[in-house]
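In: Could you work out the structure for the sequence below:
(chains A and B)
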Number of protein chains: 2
Amino acid sequence: MKVVALAGGVGGGRLAHGLALAGADLTVIVNTGDDFTHLGLRICPDIDSVTYTLAGIANREQGWGVAGETTAAMERIRRLGGEDWFLLGDRDLALHILRTDRLRQGEPLSAVTADIAAKLGITARILPMTDDPVATMVQTPAGELSFQNWFVRRRAEGAVTGFRFDGIEAARPAFGLTEALAAAEAIVICPSNPYVSIDPILSVPGLREAMPKVPVIAVSPIIGGEAVKGPAARLLRELGTEASPVGIADHYGSLLSGMVIDEADAGLAARLRIPVRATKSLMQTDEDRLALARECLDLAGSLAWTS
Amino acid sequence: MKVVALAGGVGGGRLAHGLALAGADLTVIVNTGDDFTHLGLRICPDIDSVTYTLAGIANREQGWGVAGETTAAMERIRRLGGEDWFLLGDRDLALHILRTDRLRQGEPLSAVTADIAAKLGITARILPMTDDPVATMVQTPAGELSFQNWFVRRRAEGAVTGFRFDGIEAARPAFGLTEALAAAEAIVICPSNPYVSIDPILSVPGLREAMPKVPVIAVSPIIGGEAVKGPAARLLRELGTEASPVGIADHYGSLLSGMVIDEADAGLAARLRIPVRATKSLMQTDEDRLALARECLDLAGSLAWTS
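Out: Numbers count the residues shown, from 1 in each chain, chains lettered A, B, ... in the order given. Below is the predicted model:
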């Protein structure tokens, strides 16, 4: 089955990995709103999390970076007085150096991303949502903060009133993206943060319109009122939405054909007016990832049958 | 004694270290003709060799890079298909990343170099010859090659007909350089390659004219007809000069007040028409560096006395 997954970083990468393990003909469209330039290097946290996870070299414990990573360069950067609030391992730095150099020479991010994925032996397609610069800005009572400044430096603390995707009006879908969407037989919205991981993707002009009339399945990133990782549950509450699969369904609205929620939230299924599967949605092992992916594909297949 | 040393990389760094150990009030003016941009990073091999040597963290065996260095990033760069002919260690990369970022933000190389030296605990002043871009080009029968392309990638092999310092006409002495020269009580030309390490420095417009009337002492980089390191001896022969301290003296001409040569070449002293000291000039240990530096300072002091 030709599947397009919309993904943020960690949860997105894990479900994408499951979909690849399940044998899907997979294209992952990845959020680039978190991308930023740091120490002169272009860093794409979500693309890299998806890439490392699909390549089987992600650090499973911390949820970002490379397994078995060393930090000799970062320690020297610290000693030389450079900014050290965003941790970068030595192998990770290598990727940022190469990408930055190739982007400066004029290659689009989609081409660089595809080539790096191929070099790491990944067969799924990884596509940035856009090759154009988009920067997620976090709106707070004290003014706007750039995403990483809020998320990493300030540990995503403090009140948030909304988000703005700077540059989104001029952003075009990445090369090959609308074609991948057009060919999709199912679309899976990964259990990523709806505000800062999925909304930027859906906000790229023309992207929503390019989505074909195929089942769109969202996996809830909220389990038992809490996010598996990150501030999603708090954001849902602060922005006036229920921190539950119902809130997630409300957020995506008419976009969804079906939803996969955690078995802990099975009691909420009755409040959702779309087909729902309740299953174990925490992805700790490869088997977890594969089982959740199969649930998504099975639900999508059943909806395609009835449509 | 206020001493200005003109230096290339390894030999320059070692004698500069000796001069610092000898208690000289030291400014090292370093060749930047070898500098190049690689993988998008600005690399200054001679400045870094001098910096690492003065900081006591240089790799003493290989003559470049940092002691105890790791290469995790370089191995990943290779795996990702990046250029790997110029080896860069993880700690070394950190310096290149920081420098490149600061240069892109508009800081002059001299300011970045001074700050890095301070962070590494160096009390001597390290000055690039210029803050402007200069690129040593190697002239061969088959055309011009950029310096690192010839020196590292082609292992300095093949016939050389001359050198050209691209950009030198527009280069100005680095900030603070003419003042440092004006205050010097002695100038030491380190045992570096005269063509590719010292000539670029001396070719910066205004630099020669800024040299005060104080003793100028050159240490021969040639011992017993061979260079301690690198292609200097071959270049001297190919370019029609004797590969000996006499050839070095001829090359520098009227610039020199005195010369320190190796004891192995003591028999050549009679052919030099300037005061000469013959001593052990190989700098294997800190004691060697200190002893050679003291010989330079002593010779300079004796010349100052008689002038």
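
In: Give me the domain ranges for chain A.
Out: A:2-135+A:168-306, A:136-166 (automatic domain parsing).

In: looking at these, which is buried most?
Out: Stretch with highest mean neighbour count among these: domain A:2-135+A:168-306 (a mean of 20; mean count of other C-beta atoms under 10 Å in any protein chain shown). C-beta coordinates here come from the backbone N, C-alpha and C atoms, glycine included.

In: tell me the contacts of residue A:86?
Out: A:38, A:43, A:148, A:152, A:153 (C-beta atoms under 8 Å, 6 or more residues apart in numbering or on different chains).

In: Dump the residues you listed into CSV; add secondary structure as well.
Out: Shown next, in CSV, are the contacts of residue A:86 (DSSP: H, G, I helix; E, B strand; the rest coil):
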residue, secondary structure
A:38, strand
A:43, strand
A:148, helix
A:152, helix
A:153, helix
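
In: and the two most separated of the residues you listed?
Out: Within those, A:43 and A:153 form the most distant pair, 13.6 Å apart (C-beta to C-beta).

In: returning to that earlier point: out of the domains of chain A, the one nearest residue B:283 is which?
Out: Nearest of the domains of chain A (C-beta to C-beta): domain A:2-135+A:168-306, 25.9 Å.

In: For the closest one, what is the distance to the chain centroid?
Out: How far domain A:2-135+A:168-306 lies from its chain's middle: 2 Å, per C-alpha atoms, centre = their mean, to the nearest Å.

In: cool, and stretch A:165-184?
Out: 15 Å.

In: Tell me if I'm right that residue A:89 and residue A:68 touch.
Out: No - with contact defined as C-beta atoms under 8 Å, residue A:89 does not count as touching residue A:68 (9.2 Å).

In: Make TSV from the contacts of residue A:86 and add distance to chain B to it.
Out: Formatted as TSV, the contacts of residue A:86 follow (distance: C-beta to the nearest C-beta, whole Å):
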residue	distance to chain B
A:38	9
A:43	12
A:148	16
A:152	18
A:153	17
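
In: Please enumerate the helices of the stretch 51-200 of chain A.
Out: Ranges of helices in the stretch 51-200 of chain A, per DSSP state H, counting those that start in this stretch, are A:72-79, A:90-104, A:109-119, A:147-148, A:177-183, A:199-203.

In: What parts of chain A come near chain B?
Out: A:39-41, A:69-70, A:72-77, A:79-82, A:89-91, A:93-95, A:97-98, A:100-101, A:104, A:115-116, A:119-120 (C-beta under 8 Å from any C-beta of the partner chain).

In: can you do 7 Å?
Out: A:39-41, A:70, A:72-73, A:76-77, A:79-82, A:90-91, A:93-95, A:97-98, A:100-101, A:104, A:116, A:119 (C-beta under 7 Å from any C-beta of the partner chain).

In: List the residue ranges of chain A that fall below the pLDDT cut-off.
Out: Low-confidence segments of chain A, defined by pLDDT under 70, span residues A:305-307.

In: Please enumerate the strands of it.
Out: Using DSSP state E, the strands assigned to chain A run over residues A:2-7, A:25-30, A:36-38, A:41-43, A:125-128, A:135-140, A:143-146, A:162-166, A:186-189, A:216-219, A:222-223, A:226-227, A:258-262, A:276-279.

In: how about residue A:127, what does it touch?
Out: A:27, A:28, A:29, A:30, A:110, A:174, A:176, A:177, A:180 (C-beta atoms under 7 Å, 6 or more residues apart in numbering or on different chains).

In: separation between the nearest residue to residue A:158 once chain neighbours are set aside and residue A:147?
Out: Nearest non-adjacent residue to residue A:158, counting by C-beta to C-beta, 6 or more residues apart in numbering or on different chains: residue A:140, 5.9 Å away. Going from residue A:140 to residue A:147 by C-beta to C-beta, to the nearest Å gives 12 Å.

In: swap in residue A:118?
Out: 28 Å.

In: Then residue A:57?
Out: 25 Å.

In: What sits closest to residue A:22 if chain neighbours are left out?
Out: Using C-beta to C-beta, 6+ apart, the nearest residue to residue A:22 is residue A:293, at 4.4 Å.

In: residues contacting the one you found?
Out: Here residue A:293 is in contact with A:15, A:18, A:19, A:21, A:22 (criterion: C-beta under 7 Å, 6+ apart).

In: out of those residues, who's nearest residue B:204?
Out: Closest to residue B:204, out of all of the contacts of residue A:293 and judged by C-beta to C-beta, is residue A:15, at 59.2 Å.
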